[in-house]
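[1] here are the coordinates; sequence isn't available:
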C-alpha cells in the first residue's frame, strides 16, 4: 500500500478559532468600502462647491471676477478657478474674454426653463388672471409664442356681459393680436426680419395690419412703451390690450392681456385698464423669477 500523502498547510481548512482571530486583526490591505465612501464624500463636497459658485455667479448679473467669487464662496482662488473652469467647459458658466468675469451659461437657462414648464406656468398665471378679470370685468389671457403664432395657455372670464368664448389652447396669429405683437416686439431684429420674410400678413378684419412697414413701426412703439393694443384687428367686435411677462433671465416669456367688446372697451377704458394689466403682469413676472421689472412697469 502507498503511504498516505501529507496534506499541505495551505490546504487545511481554517478552524473557527482562526477565523475569529483573523476578523479581529486589522488588515493591511486598503478597505474598498472606505475608499468608496471617501470618494463619495469628496464628490459631494465638490458638487456643493460647484453649486455655490453657480448661485453666486447668478446673483451678479453684471458678471463677477475670480477674486471676488472666491471670497464670496469661501474658497481658495485655485480651487475656485478649477471648479469654474470645469463649469465653463460644460457650458454652465461662461467667461468674458476681456474682463474675465464669469456669467451664467445658456445650458443653465435651459434647465431652469424646463422646470418652468407649461403646466407650472398655467398654475401660476390662473389665479392672477382671475384677480385681473374681477378687477376689470373682462376676459383675461396669458399666451406664449408657438412658432410664428401665439397660443393661449391660460384664460379666465370676467363678470361683464358678452364674454369671449375662446378656449385654452387656441392659436392666434401674431401680427394682428395684442398678445402676438408683444411676442413679436420681444424678438431680436434679425428674428423679426426673418419672420416678416416667411410669414404672410393675412388680414382677419379690415383693420388688420398687412403692410410689413406699418407693422415694424407699431413694433417699435411697443418696444418703447411695453404695451400693445388690438383695435378690432383680429375680431372686428373685440378690442384687446396686452403687456409682456418676463422670467428669470429678464427676457419675455409670454404676454398677458384682457379683451372685451369694442363698445365697452373704449379708448379711455383701455388706457385705464392698461395699468391693471401691467400690475398683473408684474406679479406674474415675479412668480416666474424676474427681478428687474423696470421694463414692465
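    Good, I have the coordinates. Everything quoted here is computed from the prediction, not taken from an experiment. Residues are numbered from 1 along each chain as shown.
[2] those strands in the stretch 51-200 of the chain, which residues are they?
    93-95, 102-104, 139-146, 149-156, 171-173 (DSSP state E, counting those that start in this stretch).
[3] ok, and what's touching the second one?
    Among residues not part of strand 102-104, those counted as contacts by C-beta atoms under 8 Å, 6 or more residues apart in numbering are 54, 57-58, 63-66, 69, 84, 88, 92-96. All C-beta atoms are positioned from the backbone trio N, CA, C, and that covers glycine.
[4] Buried subset of these, written for ChimeraX?
    The buried residues among those can be selected in ChimeraX (16 or more other C-beta atoms under 10 Å) with this line:
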select :54,57,63,64,66,69,84,92,93,94,95
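[5] Lowest-confidence member of the contacts of strand 102-104, which is it?
    Lowest pLDDT of these: residue 58, 85.
[6] Not counting its neighbours along the chain, what's nearest that one?
    residue 104 (5.2 Å; C-beta to C-beta, 6 or more residues apart in numbering).
[7] Could you do residue 223 as well?
    residue 185 (4.9 Å).
[8] Could you do residue 232 as well?
    residue 207 (5.0 Å).
[9] helix, strand or coil for that neighbour?
    coil (DSSP: H, G, I helix; E, B strand; the rest coil).
[10] what about it, how many residues close to it?
    13 (other C-beta atoms under 10 Å).
[11] now residue 127
    Residues near residue 127, counting by other C-beta under 10 Å: 14.
[12] what about it, distance to residue 173?
    28 Å (C-beta to C-beta, to the nearest Å).
[13] angle of the helix or strand encompassing residue 260 against strand 149-156?
    Using DSSP states H and E, residue 260 maps to strand 252-261. Going by axes from the mean of the first three to the mean of the last three C-alpha atoms, to 10 degrees, strand 252-261 is angled at 60 degrees with respect to strand 149-156.
[14] What's the mean pLDDT across strand 252-261?
    95.
[15] Please name the strands paired to that strand in the sheet, noting orientation.
    strand 139-146 (antiparallel), strand 238-246 (antiparallel) (DSSP bridges).
[16] Just send the ones you listed back as CSV, with mean neighbour count, mean pLDDT and distance to residue 100 too.
    CSV is the format used below for the strands paired with strand 252-261 (neighbours: other C-beta atoms under 10 Å; pLDDT from 0 to 100; distance: least, C-beta to C-beta, whole Å):
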stretch, mean neighbour count, mean pLDDT, distance to residue 100
strand 139-146, 24, 93, 35
strand 238-246, 26, 96, 29
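[17] can you give me the helices in the stretch 101-250 of the chain?
    106-115, 118-136, 178-185, 189-198, 212-225 (DSSP state H, counting those that start in this stretch).
[18] Just say which of those is most tucked in.
    Most buried of the helices of the stretch 101-250 of the chain, by mean neighbour count (mean count of other C-beta atoms under 10 Å): helix 178-185, with a mean of 26.
[19] Tell me the gap between that one and the middle of its chain.
    Mean-position distance between helix 178-185 and its chain equals 19 Å (C-alpha atoms, centre = their mean, to the nearest Å).
[20] Which strands and helices lie in contact with that helix?
    strand 139-146, strand 149-156, strand 171-173, helix 212-225, strand 228-231, strand 238-246, strand 252-261 (3 or more C-beta pairs under 8 Å, 6 or more residues apart in numbering; DSSP states H and E).
[21] So which of these is nearest residue 268?
    Nearest to residue 268, of all these, is strand 238-246, at 11.9 Å by C-beta to C-beta.
[22] who's in contact with residue 194?
    Here residue 194 is in contact with no residue (C-beta under 8 Å, 6+ apart).
[23] before we move on, the earlier item: could you dump the strands of the stretch 51-200 of the chain into CSV with distance to residue 236 added?
    Formatted as CSV, the strands of the stretch 51-200 of the chain follow (distance: least, C-beta to C-beta, whole Å):
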stretch, distance to residue 236
strand 93-95, 49
strand 102-104, 46
strand 139-146, 17
strand 149-156, 19
strand 171-173, 15
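[24] For residue 286, find the nearest of those strands.
    So among the strands of the stretch 51-200 of the chain, strand 139-146 is nearest, using C-beta to C-beta, at 14.5 Å.
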